[in-house]
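1. Structure, please.
(one chain, ligands or ions: 2)
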Amino acid sequence: MNQRNVSRRQFFGATAATAASGFFVAQTATGAPATDFPGERVLTIPDKGIVRVLQFTDIHYFKGIDKYPVREEYLRHKTVGIMRRLVDHAQPDLIVSTGDFWHENPDGRGLEFMNWAIDSIVALGRPWTFTWGNHDHVGDEAEAHRTLEGALHSVYGGTARNGNHTVVIELENGKRVLELLCLNSGRRGVDKEALGYVTDYARARVHKEKVLRMSAFHIPLKQYHDRWVDGSARGLLGEKVYFEDDDGSALKVFQDAGVSAIFCGHDHESDYSAFSDGVELIYGRATGYNGYGAETLDKGGKLFEIDTVTGDYRWKSLFPDGTTWQPGKEEHLDIRED
Ligand SMILES: [Fe+2]
Ligand SMILES: [Fe+2]
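-> Ligands and ions are numbered 1, 2, ... in the order given. Prediction:
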């Protein structure tokens, strides 16, 4: 599919978004003052008290298409349906899909899968971005970056820095509400390149007043495991924490960069959060029916609500019927079978 051709669905999505929420996207101009930063995208929205960010994760479109194509297509459209309903309930200012958006690159179809995934998120009519998961494979990554960046309503800015980019949400009155560092955690976790990006960004963006800084990426840090084991995490653990190659040293980089909270995906059957060295580590709620785990945790999204006056945030898991879930104060439930 050629992304330059705006489909009928994309056109109506654009019209609805403009009319409904009045957002517009500006990319930091290249060659502008030295404070400008490659890959930073500034999303300007109307003045409001609460800004909403909706996380989808582990959608896994096309998983199993070779073995059970009818079921795969059914589950894919079922996922599209709940994404629409989650957006209707959440009314998000930004959607972030934190990886495993599509499933691999069989027969060289990765870019085709990615384009289908992009179309499905564009149709929601909201600004959106994406962080790479370990199953988001394509043959031509440069082409993928360009397509993601050029798609309708996209605030993805990862072309220059291997998928690492920052989405800034700013009110029309100029108030900077959120700096969201969106990282590529590759196949095995956030690597030196991603962490270097975090450090570079923090050096380039020093503010007189505190601006909420968060980070989104796919593979959890080792401390997700550590905080579950020491009992300080609140929520549900449905499988082991697959922190892959992370050795625990990355967290300090986020801490030093002033990141208050991290949200990830990758493990579909867990939903909890914990504070580690002052940084809140939060699991997303897995969204896609093509991915495993629906028998353990209902599919949904994670909604972050940010108070634009205080800079405080809160989160809850959101379901397509509009109900929500947050762990109780003492909730620490291991629901693994093994
Ligand atoms: Fe996944
Ligand atoms: Fe994953």
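2. CA only for contacts and neighbour counts going forward, please
-> Noted.
3. so how far is V190 from Q55?
-> Q55 sits 19 Å away from V190, going by CA to CA, to the nearest Å.
4. what do you get for E104?
-> Here E104 is placed at a distance of 19 Å from V190 (CA to CA).
5. which residues sit in contact with the residue of the stretch 151-300 of the chain found nearest ligand 1?
-> Residue nearest to ligand 1 within the stretch 151-300 of the chain (CA to the ion): H266, separated by 4.5 Å. Contacts for H266 (CA atoms under 8 Å, 6 or more residues apart in numbering) come out as 57-58, 99-100, 133, 218-220, 242.
6. is it true that it lies in a helix?
-> No: using DSSP: H, G, I helix; E, B strand; the rest coil, the assignment for H266 is coil, not a helix.
7. Check whether the helix or strand harbouring V53 comes near ligand 2.
-> Per DSSP states H and E: V53 is located in strand 50-56. No: shown here: strand 50-56 not in contact with ligand 2 (CA under 5 Å from the ion), separated by at least 12.8 Å.
8. Kindly tell me how buried F275 is, as a neighbour count.
-> Under the neighbour criterion other CA atoms under 10 Å, F275 is assigned a count of 17.
9. Ligand 1 next: which of the contacts of H266 are close?
-> Restricting the contacts of H266 to those near ligand 1 - CA under 5 Å from the ion - leaves D58.
10. Could you give the average pLDDT over stretch 202-215?
-> Summarised as a single mean, pLDDT over stretch 202-215 is 96.
11. Extract the CA atoms of that stretch and return them as PDB.
-> This file holds the C-alpha atoms of stretch 202-215, laid out as PDB (Å, rounded to 0.1, in the frame of the first residue of the first chain):
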ATOM      1  CA  ALA A 202      17.800  15.600  29.300                       C
ATOM      2  CA  ARG A 203      20.900  17.700  28.600                       C
ATOM      3  CA  ALA A 204      19.100  19.600  25.800                       C
ATOM      4  CA  ARG A 205      15.900  20.300  27.700                       C
ATOM      5  CA  VAL A 206      16.500  21.900  31.000                       C
ATOM      6  CA  HIS A 207      13.500  23.900  32.300                       C
ATOM      7  CA  LYS A 208      13.100  26.500  35.000                       C
ATOM      8  CA  GLU A 209       9.800  24.900  36.100                       C
ATOM      9  CA  LYS A 210       9.400  21.200  36.400                       C
ATOM     10  CA  VAL A 211       7.900  19.500  33.400                       C
ATOM     11  CA  LEU A 212       6.500  16.000  33.800                       C
ATOM     12  CA  ARG A 213       8.800  13.600  32.000                       C
ATOM     13  CA  MET A 214       7.800  10.000  31.300                       C
ATOM     14  CA  SER A 215       9.200   7.200  29.100                       C
END
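12. Can you list the buried residues in it?
-> The neighbour-count check on stretch 202-215 (16 or more other CA atoms under 10 Å) flags 202, 211-215 as buried.
13. and those residues near ligand 2, which?
-> Of the buried residues of stretch 202-215, not one also sits near ligand 2 (CA under 5 Å from the ion).
14. And these, which is closest to I118?
-> Taking CA to CA as the measure, I118 sits nearest to S215 out of the buried residues of stretch 202-215, at 21.4 Å.
15. starting at the chain centroid, how far to the host helix or strand of that closest one?
-> Using DSSP H and E, S215 falls within strand 212-216. How far strand 212-216 lies from its chain's middle: 11 Å, per CA atoms, centre = their mean, to the nearest Å.
16. And the helices in the stretch 201-338 of the chain?
-> Counting by DSSP state H, counting those that start in this stretch, one finds helices in the stretch 201-338 of the chain at the ranges 222-229, 250-256.
17. for these, which one ends up most surrounded?
-> Sort those by mean neighbour count, taking mean count of other CA atoms under 10 Å, and helix 222-229 sits at the top with a mean of 18.
18. what about that one, average pLDDT?
-> Averaged across helix 222-229, pLDDT comes to 98.
19. Spell out which parts of the stretch 1-150 of the chain neighbour ligand 2.
-> So far as CA under 5 Å from the ion goes, the stretch 1-150 of the chain lies against ligand 2 at N134.
20. Pick out the residue in the stretch 1-150 of the chain sitting closest to ligand 1.
-> Going by CA to the ion, ligand 1 is nearest to D58 of the stretch 1-150 of the chain, at 4.4 Å.
21. give the contact list for that residue.
-> Contacts for D58 (CA under 8 Å, 6+ apart) come out as 97-101, 265-266, 268, 286-288, 291.
22. Go through these and say which is closest to K67.
-> Looking across the contacts of D58 and measuring by CA to CA, the closest to K67 is G291, at 14.3 Å.
23. Now the phi/psi pair for that closest one, please.
-> phi -90, psi 160 (degrees, to the nearest 10).
24. Distance-wise, check it relative to S97.
-> G291 is 14 Å from S97, by CA to CA.
25. So between these two, which is more surrounded?
-> Using other CA under 10 Å, the more surrounded residue of G291 and S97 is S97, with 27 against 24.
26. So what angle separates the directions of the strand holding V53 and strand 212-216?
-> If you take axes from the mean of the first three to the mean of the last three CA atoms, to 10 degrees, strand 50-56 sits at 10 degrees to strand 212-216.
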